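[1] The following block contains a protein sequence and its predicted model.
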Amino acid sequence: MRQPATAIQSHSIPAEAPWSGIVRKGQTIRIVDTEGQQAVDTIFYRADDFAERYSAQDTLRTQGSAYVGVGTKIVSSEGNTMLTVVADSCGRHDTMAGACSCESNTVRFGHDTRYLHACRDNFLLEVSKHGMSKRDIVPNINFFMNVPISPSGEMTIVDGLSKPGDYVELVAEMDVLCVISNCPQINNPCNGFNPTPIQVLVWDAE
Amino acid sequence: MSRTPEQIAADRARYEEHQRKGLTFAARALPEASAMPAAPIAGDVIATETLAGGWYWSTLLRQGEALRIAQAHGFASVALVCWSARDTSERLNLPDTVKVQWDTRAQRGRVLFSDMGRVMLSITEDSSGGAHDVLLGGSTAAANAAKYPDVATRNTRDNLVLAAGKLGLSRRDLPMALTLFAPVRVTDDEGHFAWQSDLLDGNHYVDLRAEMDLLVALSNCPHPLDPGPVYAPNPVEITRYVAEVPVDDLCRTATAEAVRGFANNARAGA
């Protein structure tokens, strides 16, 4: 296992906060769920053409199954592999439940939840730094979020499987901009109702 | 932020109550599949279109108007995306649609949400009982080339880029697509997909009522999981008409989530 001391980037992302950074082709990004049961909402953009970005549907179609785990190829809107998941101590990640927003919270949990911080606002702030807008926010990956889909179609967010220190690693197959929202949601179990910090590490190709 | 055990327990209890209602009461409140063959359209017809196999089409659909999309000429799958005509950054959001309704089945009585917590379309009729796909999107040039190596084909990704382009939009504006008449289901704990042909028999139809002024784009191409070995999409018949909203309209009342979504429409003046 790679040692944090040899990482070329190391970022501690506070609870509820956004982050973005470039991961070059061949580099490995590790996302660490420091305290466990913390959803990490993530979108990837091609670094030299942000109009090419993560596509949940193309990723699932290519893979033939509904969850993200070791071996999953993260596929772009142009059908290119952006990254590959190469390590995962958790076992299951979602890409159909999207990101929470102030607006969807009102529908889901009632209008008294309108004024709570949400992932969509994190994404909007973060992509704005890169010259993008709301148009560019697409359905994301939810690392460490557990959303089973039943054979009859029901879908519900259940308790996360991740333990403190669980991590996922991806190798970049192209230069990508990684945009993260460390999910602030407290109305469902995706964060154990208690948002916590995460860590992001990047290593050069070995 | 550190939260107290009492706060966490209270939020968990509230979530589990929403979950219980969403997974049990709401599902029971939904109506049966619409009868076949389709009843004649009651409202005034604004336009009709025969969407050729392999092609795309788009239309303005004003609040209170509806589209009937019908497999009148044999099997066809139709991918759909839509935008608010007033602000095209507001668009169909399938993750929000399935998450807030606790269900990946788009069926009669359900609604389709935008990214702004508002209802874009109500599924007022659906003879297929929800045999549609929200998970996989449409075909692409590469997927078609692998599946039909010996023939030239059209595909949904390119069709939707073209449809968006002619509305002054671009590939940046394309949301995830809903595919009508594409019986995809998750089959096991690992999440594998299967095409369940037995869910669709005969020529089906869906009626979608606009709940805000919309731009709607459709693509009529075989779904990537369609097991048919030959690329032969049939035309579909589309009717744009003036919809009626019954006083006890099920789409507006079947679930607590729909009620709150329509409240958001009303607040926005949609």
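    Yes, it's here.
[2] centroid residue for the chain?
    Going with chain A. Most central in chain A under Cα atoms, centre = their mean is A:Thr42, positioned 2.6 Å from the mean C-alpha point.
[3] my bad, the chain I had in mind was chain B
    The centroid of chain B falls nearest to B:Leu178 when counting by Cα atoms, centre = their mean (4.5 Å).
[4] Going by neighbour count, list what's buried in the helix ranked longest in chain B.
    Using DSSP state H, we find that the single longest helix of chain B is helix B:5-20. Neighbour counts over helix B:5-20 (16 or more other Cβ atoms under 10 Å in any protein chain shown) mark B:11-12, B:14-15, B:18-19 as buried. Just so you know, the C-beta spots here come from the backbone N, C-alpha and C atoms, and that holds for glycine as well.
[5] go on, stretch B:262-270?
    Neighbour-count burial for stretch B:262-270 [16+ other Cβ under 10 Å]: B:262-265, B:268, B:270.
[6] Stretch B:166-176 too?
    For stretch B:166-176, by 16+ other Cβ under 10 Å, it's B:167, B:169, B:172-176.
[7] Quick check: next helix or strand after the lowest-mean-pLDDT helix or strand in chain B?
    Ranked by mean pLDDT, DSSP states H and E, the weakest helix or strand in chain B is helix B:26-29, scoring a mean of 76. The C-terminal neighbour of helix B:26-29 among helices and strands, as given by DSSP states H and E, is strand B:45-51.
[8] what's that following strand packed up against?
    With contacts taken as 3 or more Cβ pairs under 8 Å, 6 or more residues apart in numbering or on different chains; DSSP states H and E, strand B:45-51 sits against strand B:56-61, strand B:236-242.
[9] and if we set it to 6 Å?
    strand B:236-242 (3 or more Cβ pairs under 6 Å, 6 or more residues apart in numbering or on different chains; DSSP states H and E).
[10] and the angle for the strand it packs on with strand B:45-51?
    Computed by axes from the mean of the first three to the mean of the last three Cα atoms, to 10 degrees, the angle separating strand B:236-242 from strand B:45-51 equals 170 degrees.
[11] circling back to that earlier point, quick check: the two most widely separated of the buried residues of stretch B:166-176?
    Pairwise distances across these peak at 17.6 Å for B:Leu167 and B:Met176 (criterion: Cβ to Cβ).
[12] what does stretch A:27-39 contact?
    Outside stretch A:27-39, the residues that touch it by Cβ atoms under 6 Å, 6 or more residues apart in numbering or on different chains are A:23, A:40, A:142-145, A:160, A:162-164, A:166-172, A:183, A:190-192, A:196-204.
[13] Might you report the residue contacts of B:Ala29?
    Neighbouring residues of B:Ala29 by Cβ under 6 Å, 6+ apart: B:Ala254.
[14] same deal with A:Ser65?
    B:190-192.
[15] Just read off the phi/psi values of it.
    phi -150, psi 170 (degrees, to the nearest 10).
[16] helix/strand/coil for the closest residue to B:Gly74 other than its chain neighbours?
    Computed as Cβ to Cβ, 6 or more residues apart in numbering or on different chains, the closest residue to B:Gly74 that is not its neighbour in sequence is B:Asn234, at 4.0 Å. Secondary structure, DSSP: H, G, I helix; E, B strand; the rest coil: B:Asn234 is coil.
[17] Now for B:Asn234, how many residues are close by?
    Using other Cβ atoms under 10 Å in any protein chain shown, B:Asn234 has 18 other residues around it.
[18] which residues in the stretch 51-200 of chain B form helices?
    B:94-100, B:141-147, B:156-165 (DSSP state H, counting those that start in this stretch).
[19] again with chain A
    Assigned by DSSP H, the helices in chain A fall at A:56-63, A:102-109, A:119-128.
[20] residues contacting residue 101?
    All of this is about chain A. Here A:Ser101 is in contact with A:118, A:120 (Cβ under 6 Å, 6+ apart).
[21] think we crossed wires, I meant chain B
    Contact partners of B:Gln101, counting by Cβ under 6 Å, 6+ apart, are B:110, B:257.
[22] And the pLDDT at it?
    Looking at B:Gln101, its pLDDT stands at 95.
[23] In contact with the residue in chain A that chain B sits nearest to: list those residues for me.
    Chain B sits closest to A:Gly98 of chain A, with a gap of 2.7 Å, by Cβ to the nearest Cβ. The contact partners of A:Gly98, by Cβ under 6 Å, 6+ apart, come to A:139, B:95-96.
[24] got the residues of chain A near chain B?
    Counting by Cβ under 6 Å from any Cβ of the partner chain, chain A comes close to chain B at A:15, A:51, A:57, A:60-61, A:65-67, A:79, A:96-98, A:103-104, A:106-108, A:134-136, A:139, A:149, A:151, A:153-156, A:186, A:188, A:193-194.
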